[in-house]
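> Turn this into a structure:
(one chain, ligands or ions: 2)
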Amino acid sequence: MLILSIETSCDETAASVTRDGREVLSNAVYTQIAMHAEYGGVVPELASRKHIEKLCAVTDSALAQAGVQRRDIDAVAVTAAPGLIGALLTGLSFAKGAALSMGVPLVPVHHIKGHIAANYIAFPGLEPPFLCTVVSGGHTLFCDVRDYDDVHILGGTRDDAAGEAFDKVARVLGFPYPGGKELDRLARSADPQKPSLKLPRPGFPEAPLECSFSGLKTAVINLVHTANQKGEDFDRAILARSICEAVTDILISRTRLAAETLGYKKIALAGGVAANSFIREGFTELAAETGAELFLPPPALCGDNAAMIGCAGYYAYLAGTRGDLTQNAFATMSPEERF
Ligand code: KG4
Ligand code: ZN
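Residues are numbered from 1 along each chain as shown. Ligands and ions are numbered 1, 2, ... in the order given. Next comes the predicted model:
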């Protein structure tokens, strides 16, 4: 079964062709990052306009790279939630038109289920159930993936998402949006002989699978402002490494507890922040310690792309999910809900 998939939930205009869910024939991504970087973050209205401008060309290039014709496509999958509402609506409207004109079903897809599905593409033998820690610019969730189309949320952040926290502290350190990747690189250059700084790792004793990143962000901002006001120098690389270590610790402790509670021996990572080298290292150590099998998708599949939507769309299709011309998009929606 060939699926054409579309992803426009934030600042990437993406289209892909996948066969039977897991085989990627093409994965075209046009990133709008340079345009938004000028403003220090994503400007929703500009994102929507850029998606409209790029959708036809990105989709044509996905079809051409896959070497398939429109008449070969069996279904169109599209991200319908969660995300920037205007951005989602551009992709959804485009996908409705494509499905209608090709005479094939439309399958609405949840973006988080897409991130999780990146693991099915990267690891052809992976089957649910497993534990998946999803860390992106908008979400931090510890998910019990019970089946391909059945995700249960165990916990998550009560405030900022991990990626959001990374981008905000990276900005304070002078990196343009989105600074998570640069912060990771700077952290790697830190002197291994020098100790890391003590940064908060807040938790909720009554809800041990919940976490928070806003305290960490505030602590870093205060530290930098105080140093600047006093005219003192500080080691940026050590601060960057301390931030990466704190985020990694927060994620690992929840993931360890969730795996223990569920008795799962398969742990997966997903989302743009899963590209972080400290987090990848931390999860590798956790797996070695606990004897769990670890699934770390390659960085290209961690960030937003349409192949992951095609894969999740395939399993949603098998589960009977269909959209029609009245299908709406939703800025917020839990992955536990169905369309
Ligand atoms: O999943 P994604 O592409 O988009 C959303 O759905 O939000 O995630 C983007 C986020 C951004 O916050 C970006 O800074 C972060 O992933 N990111 C990283 C790294 N690479 C991307 N954060 C930390 N370290 C990295 N290496
Ligand atoms: Zn995403």
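> isn't residue 63 right up against residue 26?
Yes - when contacts are counted by Cβ atoms under 8 Å, residue 63 is listed as touching residue 26 (7.5 Å). C-beta here means a position set from N, CA and C on the backbone, and glycine is covered the same way.
> list the residues that contact both of these two?
Contact criterion Cβ atoms under 8 Å, 6 or more residues apart in numbering; residues bridging residue 63 and residue 26 by contacting each: residue 17.
> Could I get the contacting residues of residue 168?
160, 217, 221.
> And the pLDDT for residue 40?
At residue 40, the pLDDT value in this model is 91.
> what about it, neighbour count?
13 (other Cβ atoms under 10 Å).
> Distance of it relative to ligand 1?
13 Å (Cβ to the nearest ligand atom, to the nearest Å).
> How much space separates the residue lying closest to that residue once chain neighbours are set aside from residue 224?
With Cβ to Cβ, 6 or more residues apart in numbering as the criterion, residue 40 has its nearest non-adjacent residue at 5.2 Å, and that residue is residue 177. Distance, residue 177 to residue 224, by Cβ to Cβ, to the nearest Å: 17 Å.
> Tell me how many other residues crowd the residue nearest to residue 40.
Residue 177 has 18 neighbouring residues, counting by other Cβ under 10 Å.
> Please, where are all the strands along the stretch 1-150 of the chain?
Remark: strands assigned in the stretch 1-150 of the chain by DSSP state E, counting those that start in this stretch are 2-7, 12-19, 23-31, 75-81, 106-110, 130-135, 140-147, 150-156.
> so can I have a markdown table of those showing distance to ligand 2 and mean pLDDT?
A markdown table is the format used below for these (distance: least, Cβ to the ion, whole Å; pLDDT from 0 to 100):
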| stretch | distance to ligand 2 | mean pLDDT |
| --- | --- | --- |
| strand 2-7 | 8 | 98 |
| strand 12-19 | 8 | 98 |
| strand 23-31 | 12 | 98 |
| strand 75-81 | 9 | 98 |
| strand 106-110 | 11 | 98 |
| strand 130-135 | 9 | 98 |
| strand 140-147 | 11 | 98 |
| strand 150-156 | 14 | 98 |
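> So which of those is nearest residue 298?
Nearest to residue 298 among the strands of the stretch 1-150 of the chain is strand 23-31; the distance by Cβ to Cβ comes to 11.6 Å.
> anything in the closest one near ligand 1?
No - applying Cβ under 6 Å from any ligand atom, one finds strand 23-31 separated from ligand 1 by no less than 9.4 Å.
> Would you list the strands that that strand pairs with, along with their directions?
strand 12-19 (antiparallel) (DSSP bridges).
> Quick one: distance of the partner strand to the chain centre.
Centre-to-centre, strand 12-19 and its host chain are 15 Å apart (Cα atoms, centre = their mean, to the nearest Å).
> quick one: buried residues of it?
Within strand 12-19, the residues that qualify as buried are 12, 13, 14, 15, 16, 17, 18, 19, counting by 16 or more other Cβ atoms under 10 Å.
> With only the CA atoms kept, save it in PDB.
C-alpha atoms of strand 12-19 as PDB (Å, rounded to 0.1, in the frame of the first residue of the first chain):
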ATOM      1  CA  GLU A  12       8.700  22.200   8.300                       C
ATOM      2  CA  THR A  13       6.800  21.700   5.100                       C
ATOM      3  CA  ALA A  14       7.100  18.000   4.400                       C
ATOM      4  CA  ALA A  15       5.800  15.300   2.100                       C
ATOM      5  CA  SER A  16       6.700  11.600   1.800                       C
ATOM      6  CA  VAL A  17       5.800   8.400   0.000                       C
ATOM      7  CA  THR A  18       5.900   5.200   2.100                       C
ATOM      8  CA  ARG A  19       5.100   1.600   1.200                       C
END
